[in-house]
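> Could you work out the structure for the sequence below:
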Amino acid sequence: MRQPRSFKDKFFLVIKGLGMGAANKVPGVSGGVVAFVAGFYEEFIYSLQKLNGKAVKLLFNGRFKSFYQYINGQFLVLLFLGMIVSYFSVSQLLDYLIRHYELYVWSVFFGMMIGSIYYISKDFRYWNSKTYLGLVLGALVGISISFLDPARENDNLVFVFFCGMISVSGMTLPGFSGSFILILLGNYVLLLVDSVNALYDTIFEMFGGDFSFTSDPERMRMLAVLVVFTLGSLAGLVTFSHILNYVLKYFRNFTLSVLMGFIIGSLGVLWPWKNTIYKLDPNGSVALDSTGNKIIENYERFIPGIDTTTFVAIAYVIFGILIVLALEWYGQKSRKGRA
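This next block holds a predicted model:
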């Protein structure tokens, strides 16, 4: 039987949710890596796959306590609480840091990916021809994704639903960045900036007793886009969790080798030394989103020179590695405490 969580465990579970939410917002970073390294990835997948027919039956029969226990509700509620808070706080801070300290932010994330590769691979003892193949396939997919050209923005609701399903894969597939996939699909600004800002404005107006937004066609379009995107994300979470639970159960070693490959391939996206390529408007000027920020289209990577800035960036890479080692230490301590 699962041991009750202490207040400390509950608090840190919310913090982990904050980390996953922040990671999911940044192009090239996967929230699934946070789950993997912090030691709760398999519990996360297991809990999500409990959202099945039996759970629906318990819910509609009014057996709310049984439903909550069946889906490991405390775990999911605390984790998603952290993600939601992150969406309106930590992720906003990250946006600011990337705008003003881009090289150093990417350096930290690059270091975190290196640390994650070390963490996942250090205890893996099942190398053979199949797992090496999985590693190579995962790495090739990750590297290939980083060199794709982005599509144009598309607010068709069917496509938005599909974007939700694909983008949420970053939470369930370590190394597979959902936000970077949204850039490639052309809908990063629409779904993670414009629609979220529309919701933010709407909530504040509603608290102020202002419901005039209902007569604003553009605002209502943005809210519809956000609702459909959220539904797609939920559908993707449940679908991917069932698939991953199955493959982890019957093809565990091969699956883990593919996930390691994804993370290795994601290093190409996270390479700190790169020039940002911004989207241009029809007049040839840099396009801006609804908050006045420049819209990123892709990146042009280069090898850095030897100077003070490079050494500082390398120091941040090392700092990123240390963050992952600290998460690993805490994850091991938590697992021993619940044993």
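
> dump the residue contacts of the closest residue to Arg221 other than its chain neighbours.
Of all residues not flanking Arg221 in the chain, Asp155 sits nearest, at 7.3 Å (Cβ to Cβ, 6 or more residues apart in numbering). Yep, even glycine has a C-beta here, placed from its N, CA and C like the rest. By Cβ atoms under 8 Å, 6 or more residues apart in numbering, the contact set of Asp155 is 187, 190, 221, 225.

> now swap in Ile71 and tell me
47, 50-51, 55.

> SS state for the residue nearest to Arg221?
Of the three states, Asp155 takes coil under DSSP: H, G, I helix; E, B strand; the rest coil.

> And the pLDDT for Ser91?
Ser91 carries a pLDDT value of 61.

> Looking at this protein, which helix is longest?
The longest helix of the chain (DSSP state H) is helix 217-250.

> other SSEs contacting that one?
helix 41-49, helix 157-167, helix 169-172, helix 195-207, helix 252-270 (3 or more Cβ pairs under 8 Å, 6 or more residues apart in numbering; DSSP states H and E).

> Quick check: which of those helices is buried the most?
When you average the neighbours per residue for each of these (mean count of other Cβ atoms under 10 Å), helix 169-172 leads with a mean of 25.

> What's the first helix or strand after that helix?
Note on helix 169-172: by DSSP states H and E, the next helix or strand toward the C-terminus is helix 178-185.

> Need the mean per-residue confidence for that next one.
75.

> Report the distance from that helix to the chain centre.
Computed by Cα atoms, centre = their mean, to the nearest Å, the separation of helix 178-185 from the middle of its chain amounts to 11 Å.

> helices or strands up against the helix or strand just after it?
The helix or strand immediately downstream of helix 178-185 is helix 188-189, counting by DSSP H and E. Using 3+ Cβ pairs under 8 Å, 6+ apart as the contact test, no helix or strand touches helix 188-189.

> And the average pLDDT for helix 188-189 is what?
Mean pLDDT, computed over helix 188-189, is 76.

> Pull out the buried residues from the longest helix of the chain.
Within helix 217-250, the residues scored as buried using 16 or more other Cβ atoms under 10 Å are 219, 222-223, 225-226, 228-230, 232-233, 236-242, 244-245, 248.

> Dump the contacts of Ile71 into CSV; add distance to Val286 and pLDDT as well.
As requested, those are exported to CSV (distance: Cβ to Cβ, whole Å; pLDDT from 0 to 100):
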residue, distance to Val286, pLDDT
Ser47, 43, 86
Lys50, 46, 86
Leu51, 42, 81
Ala55, 47, 88
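
> and the two most separated of those?
Between any two of these, the greatest separation by Cβ to Cβ is 10.6 Å, found for Ser47 and Ala55.

> and the gap between Glu6 and Tyr46?
In this structure residue 6 is Ser, not Glu. 21 Å (Cβ to Cβ, to the nearest Å).

> Please name whichever of the helices and strands packed on helix 217-250 is nearest to Lys122.
When these are compared by Cβ to Cβ, helix 252-270 sits nearest Lys122, at 10.9 Å.
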